[in-house]
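Enquirer: The following comprises the amino acid sequence and a computationally predicted model.
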Amino acid sequence: MREELRRIEPTDFPIGTTPTCINALTSRMMGNLRHRPCGSSFLCCPSCRFSGRTIQIFGEFMQLTSTGPFHDDEYAESFISDCFGWHLSDHQKISQVLCPDCVTATDPRRCMLTLSMSMMRLPYIMCITLNTSKFNINHTLTYLSDDMDVIYNLRGIVYGDGNHFVSHLITDDGKIWYHDGITTRSHCLPEGQLEDIPDSEWLRTSSQGYSQRRAILAVYIRN
């Protein structure tokens, strides 16, 4: 795989001590041209249907850079589910942005843009890169589709410190495995069961090995 990626784009995927960008790597692997965006969240006026800025593009590959359902960094930290906004109530979807086109509404609340969703399809796998340490990782993500809950389960976390990647793998039975290409090589080491670990700090950092690394990529698979 590394040789093939290097052949396609040697600048983004070097061999040796030069670091590889996790965003570029994941985008290349998951952003196949056949996989068009699945949908998006955006600001919309419930009165005149004006469409504002796009908040989040949903697909097999996504990046999170700002916290909160409106991606305005209102909160110091956010769960991935909060950034997606799939579970919000109608009240929680109301933003603080006034509709620029709606000037006749008598109810001022109707002039506020609200968070709306448009989904053409639901991806089977979602790889979400976390650009900062201010994101918390959910065990599951739930999307309400046609009055049915579609659940995505956490199946992997990649950690990095700028020089080296390690990972946790979570199997269907909730068992957590640790992998480091240098120390464990082709093997994974068991670290326990998901439900038996009360401290969620392992979702944010990996202290295995010689240094502590933060979570930079979360992988979810649809049930």
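Expert: Done, it's in.
Enquirer: Identify each buried residue in stretch 131-149, please.
Expert: 134-138, 141, 143 (16 or more other Cβ atoms under 10 Å). Glycine gets a C-beta too; all of them are placed from N, C-alpha and C.
Enquirer: quick one: low-confidence ranges for this protein?
Expert: Along the chain, segments meeting pLDDT under 70 span 1-2, 31-35, 103-110, 210.
Enquirer: ok, so what distance separates residue 95 from residue 45?
Expert: 10 Å (Cβ to Cβ, to the nearest Å).
Enquirer: Settle it for me: which of the two has more neighbours?
Expert: The residue with more neighbours, out of residue 95 and residue 45, is residue 45; 22 against 17, by other Cβ atoms under 10 Å.
Enquirer: which residues does the more buried one contact?
Expert: 51-52, 99, 101-102, 110-111, 113-114 (Cβ atoms under 8 Å, 6 or more residues apart in numbering).
Enquirer: Could I have the ChimeraX command that selects the buried members from those?
Expert: The buried subset of the contacts of residue 45, as determined by 16+ other Cβ under 10 Å, is captured in ChimeraX by this line:
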select :52,99,102,110,111,113,114
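Enquirer: Show me which of the contacts of residue 45 is closest to residue 129.
Expert: Using Cβ to Cβ, residue 52 is the member of the contacts of residue 45 that lies nearest residue 129, at 24.8 Å.
Enquirer: just to revisit the earlier point, specify which member of the contacts of residue 45 is nearest to residue 196.
Expert: For these, with residue 196 as the reference and Cβ to Cβ as the criterion, the closest is residue 114, at 40.3 Å.
Enquirer: so who does the nearest residue to that closest one once chain neighbours are set aside touch?
Expert: Nearest residue to residue 114, sequence neighbours excluded (Cβ to Cβ, 6 or more residues apart in numbering): residue 93, at 4.7 Å. By Cβ under 8 Å, 6+ apart, the contact list for residue 93 reads 69, 85, 114-116.
Enquirer: would a markdown table of these with distance to residue 209 and secondary structure be doable?
Expert: Below are the contacts of residue 93 laid out as a markdown table (distance: Cβ to Cβ, whole Å; DSSP: H, G, I helix; E, B strand; the rest coil):
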| residue | distance to residue 209 | secondary structure |
| --- | --- | --- |
| 69 | 35 | coil |
| 85 | 35 | coil |
| 114 | 46 | strand |
| 115 | 40 | strand |
| 116 | 44 | strand |
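Enquirer: Show the buried residues in the residues you listed.
Expert: Among the contacts of residue 93, those classed as buried by 16+ other Cβ under 10 Å are 69, 85, 114-116.
Enquirer: where does residue 186 sit relative to residue 171, distance-wise?
Expert: With distances taken as Cβ to Cβ, residue 186 is found 17 Å from residue 171.
Enquirer: if you count what's nearby, which of these two comes out ahead?
Expert: More crowded of residue 186 and residue 171, by other Cβ under 10 Å: residue 171, with 13 against 6.
Enquirer: these two touch, right, the more buried one and residue 191?
Expert: No: using Cβ atoms under 8 Å, residue 171 is not in contact with residue 191; the gap is 11.6 Å.
Enquirer: who touches both of these two?
Expert: residue 177.
Enquirer: hang on, residue 44 packs against residue 55?
Expert: No: if you go by Cβ under 8 Å, residue 44 and residue 55 don't touch, sitting 10.5 Å apart.
Enquirer: Need the overlap of contacts for these two.
Expert: Shared contacts of residue 44 and residue 55, defined by Cβ under 8 Å, 6+ apart, comprise residue 115.
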